[in-house]
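In: here is a sequence with its predicted model. Questions after.
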Amino acid sequence: MTNGPLDEQQLWSAFQSGNEDAYTSLYRLHVKAMYRYGMSLVSVSEAFVFDCIHDVFTEIWVKRERLSIPENVRYYLLKSLKVRIIHLLQRQEKPHSSLTREEFDDLWSEPSIDELYVQKEEAENRQEMMRKLIALLPHRQQEAIRLRFTENMDYQEIGNILDVNRQSAQNLVYRAVQKLREWLI
Amino acid sequence: MNTDYTNFGTIDLATDEAFLRHYLSSTSESEHFWNNWLLNNPGKIAEWEEARKLVEAVQLGLTDYTRTYLSKEAEEELLKRIRETNYLEEIRQAKVIPATIWKQSRLLAACIALAVIGLGYWLSLYSISGDSIYQQQTSELRNTLIEQVNSQKEPKLIYLPDSSEVLLFPASKMSYPTTYGNDNRNVYLTGKAVFDVRKNPERPFLVYANEIITKVLGTRFEVSAFEKDKDVVVKVQSGQVSVYQEKEYVNSPNPSSEKAGVLLMPNQQVIFKRTGEQFNKTLVEKPALLLTPTTDQFVYDETPVTQVLKNVGAAYGVDIVFSNELLQSCDLTANLAEEPLRGKLDIICRSIGATYEIVDAQIIITAKGCSNTKN
């Protein structure tokens, strides 16, 4: 990251006092991460992801004077985005899903040796292979490693986003990395 | 960094907070720490190296995610939308009684002040010169509107999501809901605009402008509704347009029932008198040809005038009312190709000693008839 946390916090407080340039800078710094993270959660509708990013930014503008300065702006924005996405999705389809996501992950079955072999053989290069192997992980583990390895969030923050405690968040990442290593050997 | 690393394996390292922080965004401090660590733990070099490779592999696998492409255009478009919402929200908040007054409302004095402000606000809603109709209409939908403002000197072309086009004139504002095209095609206007509407019979296109609503299925027309003007004018260039008074349209008990409105055809316009709440339908100032004329159109050589009038009426899409009987012996030799509609009518009428007037968007010819000169 080119901008250290200090700069971002200065930007944030400038935005809070109504500075539109600072607000725009924050948008430009984080919109790509919000977009990719949003799309990884609901890949079916780009327009929906745009709407949710729109809502997050307009809401912080309205509430700017009442907000505190987040320690990690990216974490704060991604968390807000996820809350918004889930809020809208829940409003859209009334919950008749009886499975929670944790339960769903428990039902996840380990790919067979053959399946692994096919994925590894079919990949044209190492990047492709790694992408396919990651796609075989349970969804929450995938989300956790995206947040850990791309968005560089700490386990406490990942836990907050995934609604689990710090230790569970670390376990998710640990299990994902463990599996990947196992599959690679 | 007080973690005890003595029993750390490769995966412990690869998922360790400090290790990852160093790997993803190293600082001179973390550099120093891990260099020292490696010096003090020579037995762990292999694990350290493997952990680094493992993280590298995971990152490689996340490349597609990391590089998820957001186009510059989409980024700008979204920023514009966000700003517009913020702008609308601020206008809305400026109208609302500040929250601080509420906090003091235990004081009687504040209560009175509140009542006075409230009354002022209430009055402004109902006075013609006060709070604009446009603001009332759009403030109800505040968070879900996209607003376009033309503060430039030139008209500005705007594309709506269904690719209908709007030419927004200077000093004019237009809003439409973010849901435009899904369940409605509603547009709010203050000022002047020409609309070129994509045909979609299932979703009528509605323009709310001052006290009137213009409803179309797909056509080209102009609405002029400036806040300060006494009239609202709707001119039709092609297709059919219905115009209603907003209160009649909205209060109509049955959505599919016939509503009292004015139907406009091409080259017709309606002027709504805002004070008397009256519609006045007439022809536009300069009616335009509906189709591109063929080369010898409007060139007449001893052509019966009844046929000339039918021909002209059809070309401009206007009703010309005349008596077949009286005009049966009149004919005309003239080239009217260069004349506008009124010029054509002038020449025709002069040549047969008739007059014309425009009543309710129709042209009425009053003639005495032609004496048979060939007797």
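Out: Looks like it arrived, so ask away. These figures come from a predicted structure and were not determined experimentally.
In: low-confidence ranges, the chain, go.
Out: Defaulting to chain A. By pLDDT under 70, the weakly predicted segments of chain A are A:1-6, A:44, A:91-109.
In: my question was about chain B
Out: Using pLDDT under 70, the flagged stretches of chain B are B:1-2, B:93-131, B:142-143, B:217-218, B:251-260, B:291-296, B:372-375.
In: please parse it into its domains.
Out: B:10-65, B:79-131, B:153-283, B:299-366 (automatic domain parsing).
In: now those domains in CSV, with mean neighbour count and distance to chain A?
Out: C-betas here are computed from N, CA, C, even on glycine. As requested, these are exported to CSV (neighbours: other Cβ atoms under 10 Å in any protein chain shown; distance: least, Cβ to the nearest Cβ, whole Å):
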stretch, mean neighbour count, distance to chain A
domain B:10-65, 16, 3
domain B:79-131, 13, 5
domain B:153-283, 18, 7
domain B:299-366, 16, 40
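In: I'd say residue A:56 and residue A:78 touch.
Out: No - using Cβ atoms under 8 Å, residue A:56 is not in contact with residue A:78; the gap is 9.3 Å.
In: for residue A:10, find the nearest of the domains of chain B.
Out: Closest to residue A:10 of the domains of chain B, according to Cβ to Cβ: domain B:10-65, at 18.2 Å.
In: and that closest one, how far from the chain's centre?
Out: 55 Å (Cα atoms, centre = their mean, to the nearest Å).
In: between the two ends of that domain, how far is it?
Out: 25 Å (Cα to Cα, to the nearest Å).
In: next: stretch A:152-168.
Out: 17 Å.
In: how far does that stretch sit from the chain's center?
Out: 11 Å.
In: list the contacts of that stretch.
Out: Here stretch A:152-168 makes contact (Cβ atoms under 8 Å, 6 or more residues apart in numbering or on different chains) with A:1, A:72, A:74-75, A:78-79, A:82, A:140, A:143-144, A:147-148, A:169-170, A:172-173, B:17, B:20-21, B:24-25.
In: let's see that with 6 Å instead.
Out: A:75, A:79, A:82, A:144, A:147, A:169, A:170, B:17, B:24 (Cβ atoms under 6 Å, 6 or more residues apart in numbering or on different chains).
In: narrow those residues to those that are buried.
Out: Those of the contacts of stretch A:152-168 that meet the buried threshold are A:75, A:79, A:82, A:144, A:147, A:169, A:170, by 16 or more other Cβ atoms under 10 Å in any protein chain shown.
In: which one among those residues gets closest to residue B:348?
Out: The closest of the buried ones among the contacts of stretch A:152-168, once distances to residue B:348 are taken by Cβ to Cβ, is residue A:82, at 73.0 Å.
In: host element of the closest one?
Out: helix A:73-92 (DSSP states H and E).
In: export that helix as CSV, just CAs?
Out: C-alpha atoms of helix A:73-92 as CSV (Å, rounded to 0.1, in the frame of the first residue of the first chain):
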residue,chain,number,x,y,z
VAL,A,73,-10.3,2.3,6.8
ARG,A,74,-10.3,-0.5,4.4
TYR,A,75,-11.6,-2.9,7.0
TYR,A,76,-14.3,-0.4,8.0
LEU,A,77,-15.5,0.1,4.5
LEU,A,78,-15.5,-3.7,3.6
LYS,A,79,-17.3,-4.5,6.8
SER,A,80,-19.9,-1.8,6.1
LEU,A,81,-20.3,-3.1,2.5
LYS,A,82,-20.9,-6.6,3.7
VAL,A,83,-23.4,-5.4,6.3
ARG,A,84,-25.2,-3.5,3.6
ILE,A,85,-25.2,-6.4,1.1
ILE,A,86,-26.5,-8.9,3.7
HIS,A,87,-29.2,-6.4,4.9
LEU,A,88,-30.5,-5.9,1.4
LEU,A,89,-30.4,-9.6,0.5
GLN,A,90,-32.3,-10.5,3.7
ARG,A,91,-34.9,-8.0,2.9
GLN,A,92,-35.3,-9.3,-0.6
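In: so which elements touch that helix?
Out: In terms of contacts (3 or more Cβ pairs under 6 Å, 6 or more residues apart in numbering or on different chains; DSSP states H and E), helix A:73-92 is packed against helix A:20-41, helix A:46-62, helix A:155-162.
In: adding mean neighbour count, write these out as CSV.
Out: CSV is the format used below for the helices and strands packed on helix A:73-92 (neighbours: other Cβ atoms under 10 Å in any protein chain shown):
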stretch, mean neighbour count
helix A:20-41, 19
helix A:46-62, 19
helix A:155-162, 20
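In: of all these, which lies closest to residue B:275?
Out: Closest among the helices and strands packed on helix A:73-92, once you apply Cβ to Cβ, is helix A:46-62, at 38.8 Å.
In: now do the contacts for the residue in chain A positioned nearest to chain B.
Out: Proximity of chain A to chain B (Cβ to the nearest Cβ) peaks at residue A:130, 2.9 Å away. With contact set as Cβ under 6 Å, 6+ apart, residue A:130 has these partners: B:57, B:60, B:61.
In: and the second one, which helix or strand is it part of?
Out: In the assignment (DSSP H and E), residue B:60 maps to helix B:45-61.
In: list the contacts of whichever helix or strand comes after that helix.
Out: Downstream of helix B:45-61, the first helix or strand assigned by DSSP H and E is helix B:63-66. Helix B:63-66 is contacted from outside by A:36, A:127, A:131, A:146, A:150, using Cβ under 6 Å, 6+ apart.
In: what's the most distant pair in these?
Out: Taking Cβ to Cβ as the measure, the contacts of helix B:63-66 have their most distant pair in A:36 and A:127, spaced 16.5 Å apart.
In: which residues in chain B form helices?
Out: B:10-14, B:17-24, B:28-40, B:45-61, B:63-66, B:72-95, B:99-103, B:108-126, B:133-139, B:246-251, B:305-316, B:324-327, B:341-352 (DSSP state H).
In: nearest to residue B:209, of those?
Out: So among these, helix B:133-139 is nearest, using Cβ to Cβ, at 8.1 Å.
In: residues in contact with the closest one?
Out: In contact with helix B:133-139 (Cβ under 6 Å, 6+ apart) are residues B:92, B:145, B:175, B:188, B:190, B:208, B:210.
In: work out which residue lies at the spatial centre of chain A.
Out: Nearest to the mean C-alpha position of chain A, by Cα atoms, centre = their mean, lies residue A:37 at 4.6 Å.
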